[in-house]
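Q: everything below, folded, please.
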Amino acid sequence: MTLQDGLDALARTHRVPGAQLAVDTGTEVVSVHTGTADAVRGTPFTAGTAVPLGSITKTFTAATVMLLVDDEDLDLDESVADLLPELRDLPKVTVRHLLSHTAGLPTGPDSDTAAGLTASRYLAAACTAEDALFDPGADFSYSNAGYVAAGRLIETVTGMPWHEAVRVLLLEPLGITPSFLGDTAPGRPVAAGHGLNTATGAVRPVRQNLAAVEAPAGGLLASALDLLALGRALIGRSAVVPSATAAVMRRPEQGAEAGALADAWGLGTALHLQDGRWWCGHDGNAQGTSCHLRAEPRSGVVVAFTGNAGTATALWRDLSDLVTRLTGTRIPTAPARPDRGGPVDLPECLGTYRNGTSEYRIGPGADGLPALSIDGDLHLPLICYPDLSCDLVDPATGRREPGGRFHRDPADGSIDRVQISGRTARRVRTG
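A: Numbering: from 1, shown residues only. Okay, here's the model as predicted:
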């Protein structure tokens, strides 16, 4: 089966209207695409169609910050509070902490709440000592707020809006035609995200609702070929990002144990260990899209995928065998799952945990397993293991997915935090 045939077939299987796959084997580039950019309008999905990237935007933002570090306009270990007064309550947070999600910042308000906020008001509300999840550098918690702050750093240092700075310093030098959420007249064709109505089976476009202030965390659109250009830069195959700077970006950071998201974390890069080799990249989900980037410096292999439906995540995972045949090396699509032993009872995990304004409640479930709810929504059974990691269970299928892990307080041994899907929540003490 060819790469094109495989992409066509898997897009049909997973009900994904359109997708792109681009592979740089180190010696040649192979690019395929399929389907429609908009299921209602029937717009064709081309190699140049830009897709809402979601969180892969963070890697572009981090690379822009690193270019400023390379020019000595910023220092990775300087206090962010020296440049951003909104973080004056958190003087120990550094630029390095922001880029590696080790600052202890909460995720940040949802996009509806953030709509209309300036970056200053957003950060002043989200980045407080009271809401800090842990001491900077001590742990990992995936945070949009940290990347709103990184975007503000770029603006403060360059005197340009984030969009302009990332365009001038990174996108155009990489040969990428800029495209951002909210563009009323984009300079290239763009894809809509899509949702699946499980009752009717219909696939329909969905609206992107990212707040303007969150653009540095998720506001870019790009194609799989564009992501290849970024991937080459991350592994030192582009002059746009100096090779020494790229090496720093993909080095595992202390404390950045990303749990269900990756095997480790660098500066703006998720790190995956596969067959003794470290791959760097990022995953991103906007409303109704799923995008993925992997790059490995020893082989020079870069793989990029975009799909315009939430179900494209499963498509990406199913593509791995086809890509492996092409490149001769296995591509990590999810974190490694070491043998953790059998499930254990962990009644002491029950309780309420908070990340900013989000509440994580773990209570006894109907089947005897602890069950997780977030802000009162969902009730997902948890399976706990001796190493304090946990899986989430899909109630409909019984399928287990990596959930996260619990932490013990080193002082008294009690469980004081939980990390779910990379986001850490601090236990609410009562009494």
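
Q: doesn't residue 293 make contact with residue 282?
A: Yes: judged on C-beta atoms under 8 Å, residue 282 makes contact with residue 293 at a distance of 5.6 Å. Every C-beta, even on glycine, is put in place using the N, C-alpha and C of the backbone.

Q: next, the buried residues of the helix or strand of the chain with the lowest mean pLDDT.
A: None of the helices or strands of the chain scores lower by mean pLDDT, DSSP states H and E than strand 377-384, at a mean of 88. Buried residues in strand 377-384, counting neighbours by 16 or more other C-beta atoms under 10 Å, are found at 380, 381, 382, 383, 384.

Q: which residues does the first one contact?
A: Same thing as residue 380. Residue 380 makes contacts with 371, 372, 373, 392, 393, 394, 395, 403, as judged by C-beta atoms under 8 Å, 6 or more residues apart in numbering.

Q: which among those end up buried?
A: Using 16+ other C-beta under 10 Å as the burial test, the contacts of residue 380 include 371, 372, 392, 393, 403 as buried.

Q: list the contacts for the most centrally placed residue in the chain?
A: For the chain, the residue nearest the mean C-alpha position is residue 55 (4.3 Å; C-alpha atoms, centre = their mean). Residue 55 makes contact with 217, 218, 282, 283, 284, 285, according to C-beta under 8 Å, 6+ apart.

Q: dump the residues you listed to TSV, plus distance to residue 428 and secondary structure.
A: Converted to TSV, the contacts of residue 55 look like this (distance: C-beta to C-beta, whole Å; DSSP: H, G, I helix; E, B strand; the rest coil):
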residue	distance to residue 428	secondary structure
217	26	helix
218	28	helix
282	31	strand
283	30	strand
284	31	strand
285	28	coil
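
Q: follow-up on the earlier one: got any residues that touch both of residue 282 and residue 293?
A: 56, 59.

Q: can I get stretch 390-397 as CSV, trimmed to CA atoms?
A: C-alpha atoms of stretch 390-397 as CSV (Å, rounded to 0.1, in the frame of the first residue of the first chain):
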residue,chain,number,x,y,z
CYS,A,390,-3.1,6.2,36.4
ASP,A,391,-5.1,5.4,33.3
LEU,A,392,-8.4,6.9,32.3
VAL,A,393,-11.1,4.5,31.2
ASP,A,394,-13.6,5.2,28.4
PRO,A,395,-16.9,4.2,29.9
ALA,A,396,-18.3,3.3,26.5
THR,A,397,-15.5,1.1,25.2
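
Q: what's in contact with it?
A: With C-beta under 8 Å, 6+ apart as the criterion, stretch 390-397 contacts 349, 369, 372, 379-385, 399-406, 420.

Q: make it 10 Å
A: 198, 259-260, 337, 340, 343, 346, 349, 362, 365-367, 369-372, 378-385, 399-406, 418-421 (C-beta atoms under 10 Å, 6 or more residues apart in numbering).

Q: next step: the residues you listed restricted to strands.
A: 362, 370-372, 378-384, 400-406, 418-420 (DSSP state E).

Q: is it true that residue 191 touches residue 224?
A: No: using C-beta atoms under 10 Å, residue 191 makes no contact with residue 224, being 11.3 Å away.

Q: counting neighbours, go ahead and name the busier of these two.
A: Taking neighbours as other C-beta atoms under 10 Å, residue 191 and residue 224 compare with residue 191 leading, 29 against 25.

Q: now for residue 191 and residue 224: what residues contact both?
A: In contact with both residue 191 and residue 224: 19, 20, 49, 51, 306, 307, using C-beta under 10 Å, 6+ apart.

Q: among the residues you listed, which one has the most neighbours?
A: residue 307 (35 neighbours).

Q: re the thing from before, which among the shared contacts of residue 191 and residue 224 gets closest to residue 246?
A: For the shared contacts of residue 191 and residue 224, the residue nearest residue 246 by C-beta to C-beta is residue 306; the value is 22.3 Å.

Q: look up phi and psi at the residue nearest to residue 114 when sequence neighbours are not counted.
A: Spatial nearest neighbour of residue 114, excluding adjacent residues (C-beta to C-beta, 6 or more residues apart in numbering): residue 211 at 3.7 Å. Backbone torsions for residue 211, taken as degrees, to the nearest 10, come to phi -70, psi 150.

Q: residue 211 and residue 121 touch, don't they?
A: No: look at residue 211 against residue 121 with C-beta under 10 Å: they stay out of range, at 11.5 Å.

Q: common neighbours of these two, please.
A: With C-beta under 10 Å, 6+ apart, residue 211 and residue 121 have common neighbours residue 114.

Q: the more surrounded of these two?
A: Ranked by neighbour count (other C-beta under 10 Å), residue 211 and residue 121 place residue 211 first, with 24 against 13.

Q: tell me the pLDDT at that one?
A: Per-residue confidence (pLDDT) for residue 211: 96.
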